[in-house]
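Trainee: next one to model:
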Amino acid sequence: MTTADLDAVKDIDATVESSQYLHIDRAGEGLEVSWKTQLRPLREKRTLRHALKLEEAFAIKQIVIGGDDGVALVAEHDGQAVAAATARPDPLAGVLRIIDLRVDFEFRRQGLASALLFQLIQEARQKELRALAAQSPADDFPAIQLLAKLGFEPCGLDTHYGSNHDLVKESVVLFFYLVLN
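Mentor: Numbers count the residues shown, from 1 in each chain. You can find the predicted model right below:
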């Protein structure tokens, strides 16, 4: 990715359509808490525009201009950006953390996301990192399916990531790791 690609990446229509989500059930109290995930249908098909957040856009720009270490990839079709992936190494944890992965709605299900993730995996291996880390809201089932297909394993969740009501709103953030060793 180059600085000329930054605006084009922001314009990628990364709309997410899903008719399923991972329901998160909490049991217990205090330190005796446990979580159970269950695939459930949504009441109605959900279409969400996955806009690039200001923090993500800033992180991507810092990587592209060389201000931060990381990798920023873009896939083009007929000279137009149709997919992008960005990740930053976390040397203390020994992982490559995915900041953003987006594919234009019209170019979904053609292997672009898989190809970009494979390149990130290769980058993590070259840097001798132990894993690739990703996160996804529980209601972005297409992203969860993609991560599972490529071998990512769920490793945790945050029920307060976006608000104090994520569990009620079915928008819990799930964390995934792909172990490279």
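
Trainee: distance of residue 39 relative to residue 125?
Mentor: Using C-beta to C-beta, to the nearest Å, residue 39 is found at 31 Å from residue 125. C-betas here are computed from N, CA, C, even on glycine.

Trainee: what does residue 114 give?
Mentor: Distance of residue 114 to residue 125, computed by C-beta to C-beta: 16 Å.

Trainee: who's in contact with whichever strand in the chain runs longest?
Mentor: Taking DSSP state E as the criterion, the chain has its longest strand at strand 34-48. Identification of contacts with strand 34-48 by C-beta atoms under 8 Å, 6 or more residues apart in numbering yields 15-28, 138-141, 154, 157, 174.

Trainee: in its sheet, what does that strand sit against?
Mentor: Paired with strand 34-48 in the same sheet, following DSSP bridges, are strand 16-27 (antiparallel).

Trainee: with just CA atoms, put the partner strand into PDB.
Mentor: Output of strand 16-27 as PDB, limited to C-alpha atoms (Å, rounded to 0.1, in the frame of the first residue of the first chain):
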ATOM      1  CA  VAL A  16     -21.100  -6.900   6.200                       C
ATOM      2  CA  GLU A  17     -24.200  -9.000   5.600                       C
ATOM      3  CA  SER A  18     -25.100 -11.800   8.100                       C
ATOM      4  CA  SER A  19     -28.100 -13.800   9.100                       C
ATOM      5  CA  GLN A  20     -26.300 -15.500  12.000                       C
ATOM      6  CA  TYR A  21     -24.300 -14.500  15.000                       C
ATOM      7  CA  LEU A  22     -22.500 -16.200  17.900                       C
ATOM      8  CA  HIS A  23     -24.600 -15.800  21.000                       C
ATOM      9  CA  ILE A  24     -22.600 -15.500  24.200                       C
ATOM     10  CA  ASP A  25     -24.100 -16.900  27.400                       C
ATOM     11  CA  ARG A  26     -22.600 -15.900  30.700                       C
ATOM     12  CA  ALA A  27     -22.900 -18.100  33.800                       C
END
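
Trainee: fine by me, we can end here.
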